[in-house]
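> model the following, please.
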Amino acid sequence: MNRITNRCCMNLFIQVIFKIFLILAILAGCASTGKINETDEIGSLSQCIAYARKGQYDQSITYCDRAIERNPEFADAYIHRGNAYRSLGQYDKAISDYDSAIELDPNIYEFYNQRAIAYRKIGQADKAIADCNKALELNPGSAEAYINRGNAYTNKRQYDRVISDFSKAIELDPMSADAYFNRGLIYASVKKQYDEAIADISKAIEIDPKSERSYYSRGLIYDAKGKYQKAVIDYNRAIEINPGFANAYAKRGIFYGRIGQNRKFCSDLEKACELGSCKYLNVAKNVGACR
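Sure thing, here's the model as predicted:
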């Protein structure tokens, strides 16, 4: 048991040192020139990462391409290019890049985590679970791996395992908003344990108060419990954070319809339709509630 623990700790230590050296190399390049030196693979990778952070994934891929051209054995460049492909929904290309990174460096647990996400996106839950298991073998303290495995178990409808994995993630990282949010959704949608669900999503909001999905989801749960005033407060908050949140307008509109505020009811449904969700407005028009 001690040998296994020591090996896991050593693997994690090596990975941390590798990342530190990479960051120091990027910073050194910036400090020496006053700007990123894009003539080597480190500079190209830093540009790849910078564009990805801005959501400009095509540009990100271009710079990762350059990093790989300059150093075909640069595992981090494959990982970041894979992440960009995944963000664009090009999962096969993403998995191919993750394969390349893992082949070059099979002892980095994060590489398996990233590939697991892509496998789940294309419905290959068993492969995603296998990758999460490998990530946990390399780093038993990875909360992200438990979250990813829990998500994959969701695809397989193994909900007790889902809750167990999200709970383990929370134990490892009590500040993981994703783990609380995901567990809360399972409590609500599968277990119908609404109080537990509200407690979890409220904790997610406490950790990340700018998450419109958390407010919206908690609003839905309050709706299910018949606590409509609390629900509409959450829909309002979701809309404040994201004024383009179509479903939040629709659900708020339904609340206004319940209390007889027909003008606000139709206005919110029209806004939801304008943003791409027209089903509620169409129903309202069919029954003559809105023009």
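
> so residue 257 makes contact with residue 289?
Yes - applying C-beta atoms under 8 Å, one finds residue 257 in contact with residue 289, separated by 7.1 Å. In short, each C-beta sits where N, CA and C put it, glycine included.

> between the two, which contacts overlap?
residue 265 (C-beta atoms under 8 Å, 6 or more residues apart in numbering).

> just give the closest residue to residue 167, not the sequence neighbours.
Leaving aside its chain neighbours, residue 167 sits nearest to residue 183 (6.7 Å; criterion: C-beta to C-beta, 6 or more residues apart in numbering).

> so what touches stretch 72-86?
Under the contact criterion C-beta under 8 Å, 6+ apart, stretch 72-86 has outside partners 22, 41, 44-45, 48-49, 52, 57, 60-61, 64-65, 67-68, 71, 91, 93-98, 100-101, 104-105, 108, 110-111, 114-115, 117-118, 121.

> now do the helix or strand where residue 149 lies, average pLDDT.
Using DSSP states H and E, residue 149 falls within helix 143-155. Mean per-residue pLDDT for helix 143-155: 98.

> could you give the angle of the helix or strand following that helix to helix 143-155?
Using DSSP H and E, the next helix or strand after helix 143-155 towards the C-terminus is helix 159-172. Here the directions of helix 159-172 and helix 143-155 differ by 170 degrees (axes from the mean of the first three to the mean of the last three C-alpha atoms, to 10 degrees).

> how about the next helix-or-strand element following helix 159-172: buried residues?
Counting by DSSP H and E, the next helix or strand C-terminal to helix 159-172 is helix 177-189. Residues 177-188 are the ones in helix 177-189 that count as buried (16 or more other C-beta atoms under 10 Å).

> Serialize those residues to CSV and add fields for distance to residue 278 and pLDDT.
As requested, the buried residues of helix 177-189 are exported to CSV (distance: C-beta to C-beta, whole Å; pLDDT from 0 to 100):
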residue, distance to residue 278, pLDDT
177, 31, 98
178, 31, 97
179, 34, 98
180, 33, 98
181, 28, 98
182, 29, 98
183, 32, 98
184, 29, 98
185, 25, 97
186, 30, 98
187, 31, 98
188, 26, 97
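
> same list (these) but as JSON lines, adding distance to residue 210.
As requested, the buried residues of helix 177-189 are exported to JSON lines (distance: C-beta to C-beta, whole Å):
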{"residue": "177", "distance to residue 210": "10"}
{"residue": "178", "distance to residue 210": "14"}
{"residue": "179", "distance to residue 210": "17"}
{"residue": "180", "distance to residue 210": "15"}
{"residue": "181", "distance to residue 210": "13"}
{"residue": "182", "distance to residue 210": "18"}
{"residue": "183", "distance to residue 210": "20"}
{"residue": "184", "distance to residue 210": "17"}
{"residue": "185", "distance to residue 210": "19"}
{"residue": "186", "distance to residue 210": "23"}
{"residue": "187", "distance to residue 210": "23"}
{"residue": "188", "distance to residue 210": "21"}
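
> and the pLDDT for residue 28?
What the model reports as pLDDT for residue 28 is 43.

> could you measure from the spatially most central residue of the chain over to residue 84?
The chain has residue 178 as the residue nearest its centroid, 7.5 Å off, counting by C-alpha atoms, centre = their mean. Note on residue 178: its distance to residue 84, by C-beta to C-beta, to the nearest Å, is 21 Å.

> go on, residue 200?
Distance, residue 200 to residue 84, by C-beta to C-beta: 32 Å.

> kindly report the same for residue 78.
11 Å.

> for residue 275, phi and psi?
Main-chain dihedrals, residue 275, degrees, to the nearest 10: phi -90, psi 0.

> ok, now which ones touch it?
Per C-beta under 8 Å, 6+ apart, neighbours of residue 275: 244-246, 249.

> most neighbours among these, which one?
Neighbour counts for these, by other C-beta atoms under 10 Å, peak at residue 249, which reaches 25 neighbours.

> wait, doesn't it sit right on residue 268?
Yes - here residue 249 reaches residue 268: they are 4.7 Å apart, a contact under C-beta under 8 Å.

> re earlier: ok, the residue nearest to residue 167 touching residue 166?
Yes - judged on C-beta under 8 Å, residue 183 makes contact with residue 166 at a distance of 3.9 Å.

> which neighbours do those two share?
In contact with both residue 183 and residue 166: residue 150, using C-beta under 8 Å, 6+ apart.

> looking at residue 257 and residue 289, which is more packed in?
Comparing residue 257 with residue 289 by other C-beta under 10 Å, the one with more neighbours is residue 257, at 19 against 14.

> skipping its backbone neighbours, what lies nearest that one in space?
Using C-beta to C-beta, 6+ apart and skipping the chain neighbours, the partner closest in space to residue 257 is residue 265 (4.0 Å).

> fine, thanks again, bye for now.
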